[in-house]
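S.K.: Sharing a model prediction with you, sequence too.
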Amino acid sequence: MGREDGVARRVLVVGCGMAGARFVGRLTALNPDIRITVLDGEQRPAYNRTLLTGVLAGRHHPEDIALPLPPGIDLRTGVRAVTVHRATRTVVDSTGTEHTYDALVLATGSRPRHPWPRSRPGPGGCRHLTDDHADAGAPVVVGGGLLGVETALALAARTLPVTLVHRGPHLLHRHLDTRAGALLRGVLEDAGVTVRTGTPASGPVDGPDGPDGPEGPGVRLGNGDVVGADLVVLTSGTRPRVGLARRAGLPVRSGVVVADTLASVGDPDVYAIGDCAEHRGVVHDTAVPAWQQAEVLAARLSGHDRHARFTGARTLTRLITKDVDLAVFGEATTAIGAGLRAAARTDVLSVSDDRRRVYKKIVTRDDRVVGGILLGDLSTVDTVRRAYETTGPLPPDRLHLVSTLGGDG
Ligand SMILES: Cc1cc2nc3c(=O)[nH]c(=O)nc-3n(C[C@H](O)[C@H](O)[C@H](O)COP(=O)(O)OP(=O)(O)OC[C@H]3O[C@@H](n4cnc5c(N)ncnc54)[C@H](O)[C@@H]3O)c2cc1C
């Protein structure tokens with residue numbers, strides 16, 4: 001055993017979510033001789049988290065969103081990795097079993113941020129939400145990012161009177177400009193969601209006579225208002241799950257710091273991929289970069305391509321709902337006219353159709369696409385994606401990025 005020929009013979013993977021499952025699938029396909037052990041703390045690992053809100057909306061059954069795993073791996077579900085001993089290249093799990101590795105892959109994902117002290121997510125996540133609370137009278141969703149918007153629309157699809165509370169000035173304020181935020185708000189309101197922006201949720205309140213009192217429980221807002229709530233869903237973002245790496249003495253900033261090889265900068269035998277990894281100062285917290293990292297690492301560790309590197313991801317983020325199409329990427333909040341003042345040549349191309357709630361905006365700098373928003377119409381999304389991913393300069397006529405009329409989009 002060992003890695004005399006540069007190929008790791010025993011690979012231990014901690015975490016079997018979106019990144020871990022993709023990694024073991026690719027590694028097995030590229031080199032079936034590698035012995036792979038996978039530990040995952042969940043009883044039911046490897047499901048597609050991006051489809052969870054579809055489960056909540058009733059579009060998918062929980063069992064439909066399972067991710068495929070290759071046969072022949074030693075998969076241990078409900079088992080957490082507890083300690084990494086780097087000197088002996090061993091990991092001790094929650095059952096006390098010791099695992100030896102040539103390469104250790106951390107794919108531990110992220111954990112939810114809590115907007116107020118002592119709040120805890122219910123056990124079982126979305127399954128719990130759909131099974132036990134499908135008929136909850138009045139849900140309040142806290143956090144108006146992508147997940148909060150998706151969740152509010154999913155609950156509204158169950159004809160529940162949903163309130164969405166967001167501390168930012170408008171929905172998705174880190175992704176969208178004011179105009180797109182206002183259009184998106186209109187979409188939610190049409191779907192029956194009450195939107196409260198510009199004020200945080202400061203904590204849960206019980207009714208005057210406790211949770212079952214006549215006025216019932218609710219959520220207190222920063223401005224003092226109380227919104228009645230039978231169910232509170234917290235979607236206030238995530239932070240990388242790095243406790244295991246930190247206890248092992250690996251360099252951690254927001255995430256486990258990795259090089260382009262996806263190896264920890266503190267240990268060439270330990271790798272990190274997905275939401276727990278920090279690469280070139282960026283923690284990617286979406287599925288596509290996690291999959292790209294998983295594939296690069298599988299290529300390296302299998303011996304298929306020992307020079308494979310992850311150099312960063314330029315991906316579009318999509319909102320997946322039946323009510324609205326949205327793709328957003330890069331520097332999308334740049335104000336129209338910003339380029340007139342900035343030293344670098346920044347241009348903003350935008351079109352909108354208020355009646356159809358369509359808004360398209362493309363930000364370019366020095367003839368390259370650096371960001372954009374496509375709301376309400378994704379007919380040019382593939383053209384835009386190609387332009388965003390390419391390193392070459394754009395042609396002078398850019399209307400094809402926002403319109404299919406007369407263009408190639
Ligand atoms: C509801 C929801 C909706 C989302 N929607 C989208 C979307 O539409 N588009 C998009 O791009 N992204 C979306 N995301 C984000 C996307 O799911 C993540 O970026 C992706 O799951 C990251 O993959 P990962 O493998 O790093 O982490 P995860 O998929 O979270 O997997 C981590 C796994 O590690 C396990 N683990 C952690 N610590 C240990 C330990 N010590 N021992 C053993 N196991 C451990 C966990 O149990 C978990 O199974 C969504 C996320 C959620 C929760």
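M.R.: Thanks, I have the structure now. Numbering: from 1, shown residues only.

S.K.: Would you tell me which residues of the stretch 151-300 of the chain are close to the ligand?
M.R.: R241, L244, G274, D275, C276, D285, T286, A287, V288, A290 (CB under 6 Å from any ligand atom). Every C-beta, even on glycine, is put in place using the N, C-alpha and C of the backbone.

S.K.: out of those, which one sits closest to A29?
M.R.: A290 (17.7 Å; CB to CB).

S.K.: next SSE after the helix or strand encompassing that closest one?
M.R.: Using DSSP states H and E, the element containing A290 is helix 287-302. Note on helix 287-302: by DSSP H and E, the next helix or strand toward the C-terminus is strand 317-320.

S.K.: Is that next one in proximity to the ligand?
M.R.: Yes: for strand 317-320, a contact with the ligand is found by CB under 6 Å from any ligand atom, at I320.

S.K.: Quick check: of the residues of the stretch 151-300 of the chain next to the ligand, which lies closest to the ligand?
M.R.: Distance to the ligand across these (CB to the nearest ligand atom) is lowest for G274, with 2.2 Å.

S.K.: So the closest one sits against Q292, correct?
M.R.: No: between G274 and Q292 there is no contact under CB atoms under 8 Å: 10.2 Å.

S.K.: what about these two, which has more around it?
M.R.: G274 (31 against 19; other CB atoms under 10 Å).

S.K.: quick one on the thing from earlier: select, from the residues of the stretch 151-300 of the chain next to the ligand, the two members most distant in space.
M.R.: Using CB to CB, those reach their maximum pairwise distance at L244 and V288, which is 24.6 Å.

S.K.: quick one, strands of the stretch 1-150 of the chain?
M.R.: Remark: strands assigned in the stretch 1-150 of the chain by DSSP state E, counting those that start in this stretch are 10-14, 35-40, 74-77, 81-85, 90-93, 98-100, 103-106, 110-112, 139-142.

S.K.: Setting the sequence-adjacent residues aside, check what's closest to L184.
M.R.: Closest residue to L184 apart from its sequence neighbours, by CB to CB, 6 or more residues apart in numbering: L171 at 5.0 Å.

S.K.: Which stretches in the stretch 151-300 of the chain count as strands?
M.R.: 163-166, 194-197, 201-205, 218-221, 226-228, 231-234, 238-240, 256-258, 263-264, 267-272, 277-279.

S.K.: and T238, what does it touch?
M.R.: Counting by CB atoms under 8 Å, 6 or more residues apart in numbering, T238 touches S110, R111, P112, R113, D275, D285.
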